[in-house]
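# Quick one, structure for this:
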Amino acid sequence: MARRGVRRIAAINLLLAVISLGAGSAQAQAPQTPQQLIHDVVFNELADHRHHGYFEYLDSKRDGRQTILKAEIETSAGRINRLLAQDGKPLGPEQQEQETRRLEALLRDSGERQKLMRDYQGDEDRIARIVGLLPEGFVYQYDGVEGAGGDEEIRLKYQPNPDFKPPTYEARVFHGMAGTVWINAREKRLSRLQGQLVANVDFGYGLLGRLDKGGTFNMERVEVSPGNWKTRALDVHITGYVVLLKSIGKDQTERRSNFRPVPANLTLQQAKAMLDRPLAANEIRSADLDWRKSALATDQAARPPSVMALK
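So this is what the prediction gives:
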């Protein structure tokens with residue numbers, strides 16, 4: 001009994017020390033409230049969002065029953081990718097040639113390059129808007145600490161803030177979630193977000209569309225270089241309907257791996273040349289195996305919650 005009491009006291013002391021996050025001793029400064037912690041996390045996320053580095057990586061995505069693997073490279077002019085495999089099978093010579101011609105056509109077409117940039121900027125703006133909703137859109141409470149040895153993660157439970165009025169349909173969907181958020185204590189960065197739609201989300205009082213209660217989202221992030229965090233896992237499982245489009249369903253699992261930094265001034269032409277390099281078959285197999293293991297873990301966890309956009 002005494003030993004369990006000591007462990008309990010040690011756990012409480014760890015929680016108090018971690019949520020202070022290096023701001024001084026517990027006597028010098030009171031621990032942060034969950035809301036203050038989220039404000040700090042969002043400040044760091046948005047600062048990184050404005051000044052992030054650029055990376056190449058492998059992207060494996062299952063959408064419905066189809067699984068595709070791409071090599072993708074980030075540049076200041078947008079993301080460019082090359083298809084490597086479909087349903088676990090590497091592309092044949094003819095399919096590889098089609099990908100080469102597609103990339104060459106992209107580089108020649110100024111309209112397509114502008115669209116690439118608009119899509120990239122649109123994704124970036126959407127991420128910033130969603131992250132910006134975290135401090136005011138939800139109420140939080142401490143739920144414990146995971147990890148040890150400098151890798152502690154603070155776990156918070158969150159619920160929609162009833163006093164918050166979502167300004168857009170996009171915000172209404174995000175605000176309809178409740179779940180758990182994990183925060184890297186050392187860096188004050190978002191490391192994982194799970195959420196579930198706790199009620200139907202209606203558009204136009206249900207006349208224009210609806211997302212069904214129970215949809216789940218799961219996002220995991222990882223530090224790929226000092227100060228640079230990237231999304232490595234995303235799961236989205238939602239159903240509903242939209243007028244004219246009838247029923248809708250999103251059943252998507254995405255994994256990113258093999259992150260490597262690239263120069264900030266990399267051009268699309270240079271990125272295309274990098275994508276033209278042959279990728280070792282073992283890297284393709286490794287990415288496919290990583291996806292299968294992650295997807296299996298997600299299914300066994302009963303499809304845990306998250307967000308709908310990747311950075």
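# what stretches of the chain score poorly on pLDDT?
Applying pLDDT under 70 to the chain picks out residues 1-30, 205-207, 242-249, 279-311.
# Swap in 50 and give it another go.
The model of the chain has pLDDT under 50 over residues 1-29, 281, 296, 298-311.
# longest strand in it, by residue count?
strand 246-262 (DSSP state E).
# Residue 121 - that's part of a strand, no?
No - assessed with DSSP: H, G, I helix; E, B strand; the rest coil, residue 121 is helix; it does not lie in a strand.
# Give me the neighbour count for it.
11 (other Cβ atoms under 10 Å). In short, each C-beta sits where N, CA and C put it, glycine included.
# measure it to residue 216 for me?
Note on residue 121: its distance to residue 216, by Cβ to Cβ, to the nearest Å, is 28 Å.
# try residue 201
14 Å.
# One more: residue 84?
Taking Cβ to Cβ, one finds residue 84 at 29 Å from residue 216.
# again with residue 145
24 Å.
# go on, residue 253?
Applying Cβ to Cβ to residue 253 and residue 216 gives a distance of 12 Å.
# just the helices in the stretch 1-150 of the chain please.
2-20, 34-50, 93-108, 110-132, 134-137 (DSSP state H, counting those that start in this stretch).
# Contacts for the longest one, please.
Taking contacts as Cβ atoms under 8 Å, 6 or more residues apart in numbering, the residues outside helix 110-132 that touch it are 42, 45-46, 49, 77-80, 105-107, 168, 170-171, 174, 190, 268, 307, 309-311.
# in it, what's buried?
By neighbour count with 16 or more other Cβ atoms under 10 Å, helix 110-132 contains the buried residues 113, 116, 117, 120, 127, 130, 131.
# So residue 164, which state does it fall into?
Secondary structure, three-state DSSP: residue 164 is coil.
# Does residue 137 touch residue 161 like I think?
Yes - applying Cβ atoms under 8 Å, one finds residue 137 in contact with residue 161, separated by 5.7 Å.
# OK, contacts around residue 159?
138, 139, 178, 198.
# run the last query once more with 7 Å
Shown in contact with residue 159 (Cβ atoms under 7 Å, 6 or more residues apart in numbering): 138, 139, 178.
# swap in residue 172?
Taking Cβ under 7 Å, 6+ apart, we find residue 172 in contact with 166, 201.
# The longest strand of the chain pairs with which strands?
The pairing partners recorded for strand 246-262 under DSSP bridges are strand 54-63 (antiparallel), strand 228-242 (antiparallel).
# Can you add distance to residue 209 and mean neighbour count and give those back as TSV?
Listed next are these as TSV, based on distance: least, Cβ to Cβ, whole Å; neighbours: other Cβ atoms under 10 Å:
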stretch	distance to residue 209	mean neighbour count
strand 54-63	20	19
strand 228-242	4	19
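# could you dump those to a markdown table with distance to residue 155?
What follows is these, written out as a markdown table (distance: least, Cβ to Cβ, whole Å):
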| stretch | distance to residue 155 |
| --- | --- |
| strand 54-63 | 27 |
| strand 228-242 | 17 |
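# do you know which of the ones you listed lies nearest residue 96?
Judged by Cβ to Cβ, the one of these that comes nearest to residue 96 is strand 54-63, at 16.3 Å.
# Show me what the closest one is in contact with.
67-75, 81, 224, 230, 252-262, 264, 266, 274, 287-288, 291, 295.
# now do 6 Å
Strand 54-63 has contacts (Cβ atoms under 6 Å, 6 or more residues apart in numbering) with 68-74, 252-262, 264, 287, 291.
# same question, stretch 210-225
190-197, 199-202, 229-241, 259, 261, 303-307.
# do stretch 96-107 as well
Applying Cβ under 6 Å, 6+ apart, the contact partners of stretch 96-107 are 82, 83, 112, 272.
# Identify the residue spatially nearest to the last one, adjacent ones excluded.
The shortest distance from residue 272 to any residue that is not its chain neighbour, by Cβ to Cβ, 6 or more residues apart in numbering, is 5.1 Å, and that residue is residue 103.
# got a list of what the closest residue in space to residue 160 that isn't next to it in sequence touches?
Of all residues not flanking residue 160 in the chain, residue 175 sits nearest, at 5.3 Å (Cβ to Cβ, 6+ apart). Contacts for residue 175 (Cβ under 6 Å, 6+ apart) come out as 137, 160, 166.
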